[in-house]
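Participant: my questions are about this predicted structure, shown below with the sequence.
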Amino acid sequence: MSEAVAPPPAAAEASPRRRILKILAWIVGILAILVALQFAGIDVWGWFQSFWDTLTEISAGYTILGCIFQGLQTALTGLAWYGILRYAYPGGSTYMEVLTAYAVGVSLNNFVPANLGTFVSLLMYVAIVRGATFSGVLGGYVVQKIFYLVIGTLIYLYLFWAVSGSFDFQFGNEWDAVSGHPLLVLGIVASSVFLVALFVRIFWRWAKKFWENAKEGGAILGDLGAYGKWVLLPEMGGYAAKVMVIIVFLAAYGIPVTFGSVMSVLGSNQLANILSFTPGGIGVNQAFNTYALGSYTDSTTAAAYSTGQQLITTGFNALFAIVLLCHTFGWSGGKKLVEDSYADAKVKKEEMGEERREKKEAKREARRAEGRRGLMRVIRRSADESEAQTSEGVDSPRGESAVETSSDDSDQE
């Protein structure tokens, strides 16, 4: 069966060639657009020159310090993953193996779209942790994300509050917003409670079903002491290191380091990560960071900061992952493990997408069938009513003629 589905040699050879041609086509297209803009009177070359000068103006000390904090972030987050997997599968792996798998995923996310590197890490965990299953590792992933979900929500709430006028939707003065429109406020509160209850009900059914398959990997949640020590503390340390990376590069580019500027970068990075469709979110990160830092610096400096930080951390992540891979698994073994996990990750992601599509289609088909049944009931009801009206209309003239005939006969007598 494997021979039947294997691609022919010609197709295997053509695939890299097609990728190279596609890359060249993109490069040529971008160059053509830039040339057209230059001829249209837009100083594209001058902008790039200014951008490059700003990009390369930071000192080596800032770069080294930023890389140190980046490595610390990866090491501490990998330690949290090790705590989750060690609790779920005692003796199943070592810290270096888990750290290497996590570092590989972090590095790959800078080069592949849609955070596919995360799937690679999960499948590497399945391969290297004795007794691990994909559903169990997926449960561990949910546990690992709890802290980031909470801290991300707090950042968004702060940013929403910090934006001038966000909470100033007033109908009169500040008190009138509540006292002057009680029905409106009551309606908003009731609607909010209903939506939250509906969301919890839907999510709870899904979570209960998922947890039955994944509770093995998230077993550490049953021991809050172990969770705090092996997951929460390392993740807090890793997040602090992430904040320090931002602070270092903001200072390197002369952008004011304030609580607001750091929160703006963190929030824009989170949004870019959610909405990214390019490898590593390249371009999307720069757009969000430039907008978020608009109150603190000019757009050229903000774009240079965002690009410079991403280029430096991407290079460091790749080098860090390669060193760990060679040290932990050896070059040949590590290369094969990553290649197999990457191939499995693409298949697994396609399977999960196909399952979601099938479920949506089944629900859609069920709604269509229910709609057809409802329509048939309406048609049958309409037909029955029409027959009843027809029979009444036919019976009525007969009764009238009988009465008329009877009265005629009595007149003749």
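Facilitator: That came in fine, so what should we check first?

Participant: pLDDT weak spots in the stretch 151-300 of the chain?
Facilitator: Per-residue confidence for the stretch 151-300 of the chain (pLDDT under 70) gives these ranges: 163-185, 187-188, 196, 199-214, 276-280.

Participant: how about the helices in it?
Facilitator: Taking DSSP state H, counting those that start in this stretch as the criterion, the stretch 151-300 of the chain carries its helices at 176-179, 182-214, 224-227, 233-252, 259-275, 284-292, 299-329.

Participant: residue 97: which of those is closest?
Facilitator: Each of the helices of the stretch 151-300 of the chain was checked against residue 97 via CB to CB, and the shortest separation belongs to helix 299-329, namely 5.9 Å. Where C-beta positions appear, they are placed from N, C-alpha and C, glycine not excepted.

Participant: may I see the buried residues of that closest one?
Facilitator: Across helix 299-329, burial judged by 16 or more other CB atoms under 10 Å covers 301-310, 312-314, 316-318, 320-322, 324-325, 328-329.

Participant: packing partners of it?
Facilitator: The contact analysis (3 or more CB pairs under 8 Å, 6 or more residues apart in numbering; DSSP states H and E) places helix 299-329 against helix 44-55, helix 60-88, helix 95-108, helix 233-252, helix 284-292, helix 331-412.

Participant: by how many degrees do it and helix 60-88 diverge?
Facilitator: Comparing the axes of helix 299-329 and helix 60-88 via axes from the mean of the first three to the mean of the last three CA atoms, to 10 degrees yields an angle of 50 degrees.

Participant: and the angle from helix 299-329 to helix 95-108?
Facilitator: Computed by the same axes, to 10 degrees, the angle between helix 299-329 and helix 95-108 is 140 degrees.

Participant: quick revisit: now the helices of the stretch 151-300 of the chain in a markdown table, with distance to residue 80?
Facilitator: A markdown table is the format used below for these (distance: least, CB to CB, whole Å):
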| stretch | distance to residue 80 |
| --- | --- |
| helix 176-179 | 43 |
| helix 182-214 | 17 |
| helix 224-227 | 10 |
| helix 233-252 | 4 |
| helix 259-275 | 18 |
| helix 284-292 | 24 |
| helix 299-329 | 17 |
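
Participant: now for the ones you listed, which one comes closest to residue 365?
Facilitator: Between residue 365 and those, the shortest separation by CB to CB is 19.9 Å, and it involves helix 182-214.

Participant: closest to residue 159 out of the helices of the stretch 151-300 of the chain?
Facilitator: Ranking the helices of the stretch 151-300 of the chain by distance to residue 159, with CB to CB as the measure, places helix 259-275 first at 4.8 Å.

Participant: hmm, who's touching the closest one?
Facilitator: By CB atoms under 8 Å, 6 or more residues apart in numbering, the surrounding residues in contact with helix 259-275 are 115, 152, 155-156, 158-159, 162, 243, 246-247, 250, 255, 281, 284-285, 287-289, 291-293, 295-296.

Participant: please redo it, this time with the cut-off set to 7 Å
Facilitator: Helix 259-275 has contacts (CB atoms under 7 Å, 6 or more residues apart in numbering) with 152, 155-156, 158-159, 162, 243, 246-247, 250, 255, 281, 284-285, 288-289, 291-293, 296.

Participant: which of the residues in stretch 252-261 are buried?
Facilitator: Buried-residue list, stretch 252-261, by 16+ other CB under 10 Å: 252, 253, 255, 261.

Participant: same question but for stretch 260-278, I mixed them up
Facilitator: Under the neighbour-count criterion of 16+ other CB under 10 Å, stretch 260-278 has 261-273, 276 buried.

Participant: sorry, back to before: if any of the contacts of helix 259-275 are buried, put those into a ChimeraX selection.
Facilitator: This is how ChimeraX selects the buried members of those, with burial counted by 16+ other CB under 10 Å:
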select :152,155,158,159,243,246,247,250,255,281,284,285,288,289,292,293,296
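
Participant: what about the helix or strand in which residue 18 is found, average pLDDT?
Facilitator: When elements are assigned from DSSP states H and E, residue 18 belongs to helix 9-39. Helix 9-39 carries an average pLDDT of 68.

Participant: now swap in stretch 379-396 and tell me
Facilitator: Here the mean pLDDT over stretch 379-396 is 64, rounded to a whole number.

Participant: how about stretch 61-70?
Facilitator: Mean pLDDT, taken over the full extent of stretch 61-70, equals 95.

Participant: what do you get for stretch 113-129?
Facilitator: Per-residue pLDDT values across stretch 113-129 average out to 87.

Participant: keeping just the C-alphas, turn it into CSV.
Facilitator: Below are the C-alpha coordinates for stretch 113-129, written out as CSV (Å, rounded to 0.1, in the frame of the first residue of the first chain):
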residue,chain,number,x,y,z
PRO,A,113,2.9,29.0,8.6
ALA,A,114,0.0,28.5,11.0
ASN,A,115,2.2,27.5,14.0
LEU,A,116,2.9,24.1,12.5
GLY,A,117,6.0,23.9,14.6
THR,A,118,3.8,23.5,17.7
PHE,A,119,2.4,20.3,16.1
VAL,A,120,5.9,19.1,15.4
SER,A,121,6.8,19.5,19.1
LEU,A,122,3.7,17.6,20.2
LEU,A,123,4.5,14.7,17.9
MET,A,124,8.1,14.7,19.0
TYR,A,125,6.9,14.4,22.6
VAL,A,126,4.8,11.4,21.5
ALA,A,127,7.9,9.9,19.9
ILE,A,128,10.4,10.5,22.8
VAL,A,129,8.2,10.1,25.9
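
Participant: mind listing what's buried along it?
Facilitator: For stretch 113-129, a neighbour-count test (16+ other CB under 10 Å) marks 115-126, 128-129 as buried.
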